[in-house]
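[1] Here is my input; please provide its structure:
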Amino acid sequence: MAGEKDVIMNSEDSWQQTGLYGGLNDGTVVISFTDKSLEAYADFVPPFINGKPLDVSGVARVLDSNNIVFGILWDELTNALEECNLTRRHVTGVLIAKGIDPIEEIVEYFEMNPVLIKKKKVVGKKDRVDHREQSPFVIVKQGQTLAILHLRQPGKEGTNVHGEAVPFEIIRPDGVTSGNNTDIEGNKIISKIHGQLINTKSVLSVQEHLIIKGAVGYRTGHIVFPGDVKIDGYVSDGFRIYSGGSIIIKQTLDLTEIVANGDIMVSGGIIGKGVGRIKCGGGIKTKFIENCRIAARGAVMAEAEIINSHVFSLDTVRMGDKGVILGGEIYSLHGIRAGGIGKKGSRATHIHCGIDFTIQQEKNKCINQLRALASKLARLREMTEDPDIDFGTKAKLAELIHRLETEQQSVSAHIAELVGKIKADENATIEVLGEIAPGTLIEICNVALFVVEPLRKVCIRLDRAFGRLVVESLK
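    You can find the predicted model right below:
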């Protein structure tokens with residue numbers, strides 16, 4: 001065993017030190033030390049032929065000569081001596097003295113909350129995993145614990161087998177510190193805002209914006225973020241984005257689903273493939289909108305085209321001077337401005353202005369509910385006319401019919417209430433700089449105009465006095 005000091009002493013040397021006589025064939029003990037002499041080990045070699053065995057007093061002198069004065073394990077030492085002498089075999093690696101290990105001092109440090117450390121998920125061969133659900137971003141909430149303080153643990157000196165003090169080591173763990181938008185409260189580092197957690201050289205900060213340098217795809221997974229989101233690349237089909245703020249996309253959006261509390265700006269265009277959906281708490285600005293469903297509280301601005309889409313706005317829908325609306329259905333509370341609406345030979349376009357689309361949707365939902373109730377009531381009334389059903393069943397059917405009739409009356413009353421609120425802006429106008437194609441249906445506050453001949457450079461408004469739509473030339 002490697003050590004600081006090896007001592008080989010046979011029985012002759014031992015007895016010479018004690019005034020006794022010994023030979024070269026006498027028993028031998030070899031002592032070695034571990035690092036810092038915290039432990040001492042001995043190898044015992046039996047005597048040869050007529051040699052004399054080691055005894056405890058002889059080994060004690062060896063210990064003394066090597067300054068082994070602390071933590072001597074006399075029982076282990078004696079047992080090893082006896083085994084060596086009796087069996088005449090080597091006994092090696094016997095721990096004969098043990099000191100006291102020093103206790104490390106650990107300085108005070110903040111340890112990052114392990115919940116926030118991204119770990120690669122272990123997936124079995126048979127497991128089905130949607131990798132779009134995997135995100136490399138760590139999102140935290142306001143007030144969430146980012147790191148926990150570990151108080152200083154004082155160290156303590158040890159003692160080696162020579163009775164000497166062994167100094168303790170000072171451990172400085174790789175902790176973290178508080179950065180931007182974080183705060184230290186008591187024994188925690190907490191986030192001051194909702195946002196993305198950034199760990200830069202062990203400094204924790206929270207970023208209120210999520211900036212994605214490339215595209216949204218399997219590398220990023222779905223995006224769910226409480227603040228603003230900025231995407232430098234395109235958004236691949238099949239990936240969803242949810243933002244508590246605004247969304248800026250610098251290229252084309254291959255839309256699956258987007259929900260944002262703020263504005264949405266797409267430098268390219270929005271392609272929905274018939275199933276893409278957007279819900280927006282602010283306005284939307286893009287180059288074109290194609291085959292998707294969009295609902296926004298703010299204005300919807302599309303420079304070039306809105307094609308075969310359902311667009312709902314609680315503000316206005318505005319196009320570029322040559323921008324056209326082709327097919328689909330547009331609901332705009334305060335009106336529309338476009339370069340053209342419809343095209344000969346294409347699907348018909350329906351324009352609805354002056355109404356609150358949220359109330360209209362609620363009204364449509366209630367109408368569908370009325371239809372379902374009417375169907376159920378018709379079936380129940382038919383069942384009550386069956387002469388074979390007993391009195392008890394008839395009574396239960398009558399009770400159910402009464403309950404559904406009451407619900408029917410309640411839904412009808414709610415529809416009447418909604419109708420009174422649905423006309424939200426009788427001053428809404430539709431301005432078209434180019435042509436409105438035949439076959440286009442235009443409504444303002446539920447007053448309709450079906451276009452049978454091309455209309456060019458016109459403004460359409462509601463004449464409230466006569467309850468009709470008026471077509472005027474644009475100045």
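[2] what's the host helix or strand of Cys366 packed up against?
    In this structure, Cys366 is located in helix 357-384 according to DSSP states H and E. Helix 357-384 sits against helix 391-422, with contacts defined as 3 or more C-beta pairs under 8 Å, 6 or more residues apart in numbering; DSSP states H and E. The way it works is simple: take the backbone N, C-alpha and C, and place the C-beta from them, glycine included.
[3] The helix it packs on vs helix 357-384, what angle?
    160 degrees (axes from the mean of the first three to the mean of the last three C-alpha atoms, to 10 degrees).
[4] how about helix 391-422: buried residues?
    397, 401, 404, 408, 411, 414-415, 418, 422 (16 or more other C-beta atoms under 10 Å).
[5] Lowest-confidence entry in those residues?
    Least confident of the buried residues of helix 391-422 in the model: Ile422, at 69.
[6] burial count for Asp183?
    Asp183: 12 surrounding residues under other C-beta atoms under 10 Å.
[7] again, but for Gly93
    By other C-beta under 10 Å, neighbour count at Gly93 equals 10.
[8] Name the nearest residue to it, sequence neighbours excluded.
    With C-beta to C-beta, 6 or more residues apart in numbering as the criterion, Gly93 has its nearest non-adjacent residue at 5.8 Å, and that residue is Tyr41.
[9] Whichever strand or helix holds that neighbour packs against which elements?
    Using DSSP H and E, Tyr41 falls within strand 39-45. Applying 3+ C-beta pairs under 8 Å, 6+ apart, one finds that strand 39-45 contacts strand 28-33, helix 74-87, strand 91-98.
[10] Output that strand in PDB with nothing but the alpha carbons.
    What follows is strand 39-45, C-alpha atoms only, in PDB (Å, rounded to 0.1, in the frame of the first residue of the first chain):
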ATOM      1  CA  GLU A  39      -4.700   5.400   8.700                       C
ATOM      2  CA  ALA A  40      -1.900   3.000   9.300                       C
ATOM      3  CA  TYR A  41      -1.800  -0.500   7.900                       C
ATOM      4  CA  ALA A  42       0.500  -3.400   8.700                       C
ATOM      5  CA  ASP A  43       1.600  -6.500   6.800                       C
ATOM      6  CA  PHE A  44       2.700  -9.400   9.100                       C
ATOM      7  CA  VAL A  45       5.300 -11.900   7.800                       C
END
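[11] and after that strand, which helix or strand comes next?
    helix 56-65.
[12] Give the buried residues for that following helix.
    58-63.
[13] Please apply the same query to stretch 181-194.
    Using 16+ other C-beta under 10 Å as the test for burial, stretch 181-194 gives 181-182, 188-191, 193-194.
[14] Strands - which of those land there?
    Mapping those onto strands (DSSP state E) picks out 182, 188-191.
[15] export those to JSON lines and tack on distance to Leu373 and pLDDT?
    Compiled in JSON lines, those are given as follows (distance: C-beta to C-beta, whole Å; pLDDT from 0 to 100):
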{"residue": "Thr182", "distance to Leu373": "55", "pLDDT": "95"}
{"residue": "Lys188", "distance to Leu373": "55", "pLDDT": "95"}
{"residue": "Ile189", "distance to Leu373": "57", "pLDDT": "96"}
{"residue": "Ile190", "distance to Leu373": "52", "pLDDT": "95"}
{"residue": "Ser191", "distance to Leu373": "49", "pLDDT": "95"}
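[16] My read is that Ile31 contacts Ile68, right?
    Yes - at 7.5 Å, Ile31 counts as touching Ile68 under the criterion of C-beta atoms under 8 Å.
[17] which residues do those two both contact?
    Listed as contacting both Ile31 and Ile68 by C-beta atoms under 8 Å, 6 or more residues apart in numbering are 40, 96.
[18] Contacts only, for Ile198.
    179, 204-207.
[19] Looking at those residues, which is nearest Ala80?
    Minimum distance to Ala80 across the contacts of Ile198 is 56.0 Å, recorded for Leu204 (C-beta to C-beta).
[20] The helix or strand where that closest one lies: which residues count as buried?
    Leu204 belongs to strand 203-207 when assigned by DSSP H and E. Across strand 203-207, burial judged by 16+ other C-beta under 10 Å covers 204-207.
[21] Pipe the buried residues of helix 391-422 into CSV and attach distance to Lys141 per row.
    As requested, the buried residues of helix 391-422 are exported to CSV (distance: C-beta to C-beta, whole Å):
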residue, distance to Lys141
Leu397, 52
Ile401, 50
Leu404, 45
Gln408, 45
Val411, 40
His414, 37
Ile415, 41
Leu418, 37
Ile422, 38
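[22] wait, which of the residues you listed is closest to Glu385?
    When these are compared against Glu385 (criterion: C-beta to C-beta), the nearest one is Leu397, at 10.2 Å.
[23] so how many other residues sit close to the closest residue in space to the closest one that isn't next to it in sequence?
    Counting by C-beta to C-beta, 6+ apart, Thr384 is the residue found nearest to Leu397 once chain neighbours are left out, at 5.1 Å. Neighbour count of Thr384, defined by other C-beta under 10 Å: 13.
[24] Please report the distance of Thr384 from Pro46.
    According to C-beta to C-beta, to the nearest Å, Thr384 and Pro46 sit 111 Å apart.
[25] same check, this time on Pro53
    Computed as C-beta to C-beta, the Pro53 to Pro46 distance reads 7 Å.
[26] and for these two, which residues touch both?
    Taking C-beta under 8 Å, 6+ apart as the criterion, Pro53 and Pro46 both touch 27, 84-85.
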